[in-house]
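Engineer: Build me a model from this:
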Amino acid sequence: MSSIERPSVEPVQLPDYELADEIEASTDEQLKALADPLRVHVLDLVLERAMGVTELARTLGKPKSTVAHHVDVLVDAGLLAVVRTRQVRAMTERLYGRTGRTINIRGRQGDKLPFVADALAEVDTELLDRLEFNCFTLRHARISIERAEEFSRRLIALAIEFTTLTREGDIEFAVLAGIYPTTRRTHRPAHSTRPADSTRPADSTRPAHSTRPADSPSVADS
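Structural biologist: Alright, predicted model coming up:
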């Protein structure tokens, strides 16, 4: 039986402009900018290539005035910037890009895990049910905080790799990845002096890194 070979695709550097590997969103202005799904969508779109307001509005199916407002909010928050310009007839069009491939957000979204609500809001459940491969897994392991942090870095690196894949096809996929402490009871190590029902790390208030697309505004690397 002969196998079907996929045509080779030359790797493409995404996006088509220079940007920092990481930036941190910590100010009220930045967090407010990232709270709007349309602005997050804009950040995801320009992670593929720099775009102007006209193209963004056409892709999003929104009025130019609406998209221009959201772009201004992102620029003011330092999450979006003009990366180059081009002449369109007698006008100069500004093309926008992200200021960072990964946007690190400190803390959680209220009492919810980061990005879970975003994923639920955008998932195409009808198409998901028709996919012929398994998309999800949930695993547990009793490990040290240091090993959990290292595994988290590996997950984020894999999510960033996902955002750099050559664009093809007409379906957008998303990756949601994370590692978190649980409240479940576990075996107590023989050398442990902690109570049997204490499974939470002593440093439970340690700020968490979350990467949105996104992963995201990964905010998302997407």
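Engineer: can you give me how far whichever strand or helix holds D21 is from the chain middle?
Structural biologist: Assigned by DSSP states H and E, D21 belongs to strand 20-25. Mean-position distance between strand 20-25 and its chain equals 12 Å (C-alpha atoms, centre = their mean, to the nearest Å).
Engineer: Likewise for stretch 62-81?
Structural biologist: Here stretch 62-81 is found 19 Å from its chain centre; the criterion is C-alpha atoms, centre = their mean.
Engineer: What of stretch 69-88?
Structural biologist: Distance, stretch centre to chain centre, for stretch 69-88: 19 Å (C-alpha atoms, centre = their mean).
Engineer: Stretch 181-190 now?
Structural biologist: Distance, centroid of stretch 181-190 to centroid of chain: 30 Å (C-alpha atoms, centre = their mean).
Engineer: For that stretch, the averaged confidence score.
Structural biologist: In this model, stretch 181-190 carries a mean pLDDT of 82.
Engineer: How about stretch 113-125?
Structural biologist: Rounded mean pLDDT across stretch 113-125 is 86.
Engineer: where exactly do the helices run in the protein?
Structural biologist: Secondary structure of the chain (DSSP state H): helices at 28-34, 37-45, 53-60, 64-76, 116-122, 125-130, 145-163.
Engineer: Restrict the first one to CA atoms and write it as CSV.
Structural biologist: What follows is helix 28-34, C-alpha atoms only, in CSV (Å, rounded to 0.1, in the frame of the first residue of the first chain):
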residue,chain,number,x,y,z
ASP,A,28,-4.7,48.2,34.4
GLU,A,29,-4.6,49.7,30.9
GLN,A,30,-3.1,46.6,29.4
LEU,A,31,-5.3,44.2,31.3
LYS,A,32,-8.4,46.1,30.3
ALA,A,33,-7.2,46.1,26.6
LEU,A,34,-6.8,42.3,26.8
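Engineer: buried sites along it?
Structural biologist: If you call a residue buried by 16 or more other C-beta atoms under 10 Å, then helix 28-34 has these buried ones: 30, 33-34. (Glycine included, C-beta is placed from N, CA and C.)
Engineer: For that helix, which helices and strands make contact with it?
Structural biologist: helix 64-76, strand 100-106 (3 or more C-beta pairs under 8 Å, 6 or more residues apart in numbering; DSSP states H and E).
Engineer: what's the most buried one of those?
Structural biologist: strand 100-106 (a mean of 22; mean count of other C-beta atoms under 10 Å).
Engineer: hang on, the earlier thing: from the buried residues of helix 28-34, pick the one nearest G169.
Structural biologist: Ranked by distance to G169 (C-beta to C-beta), the buried residues of helix 28-34 are led by L34 at 27.6 Å.
Engineer: so the closest one makes contact with P114?
Structural biologist: No: using C-beta atoms under 8 Å, L34 is not in contact with P114, being 10.8 Å away.
Engineer: Point out where the protein drops to low pLDDT.
Structural biologist: Applying pLDDT under 70 to the chain picks out residues 1-13, 106-112, 190-222.
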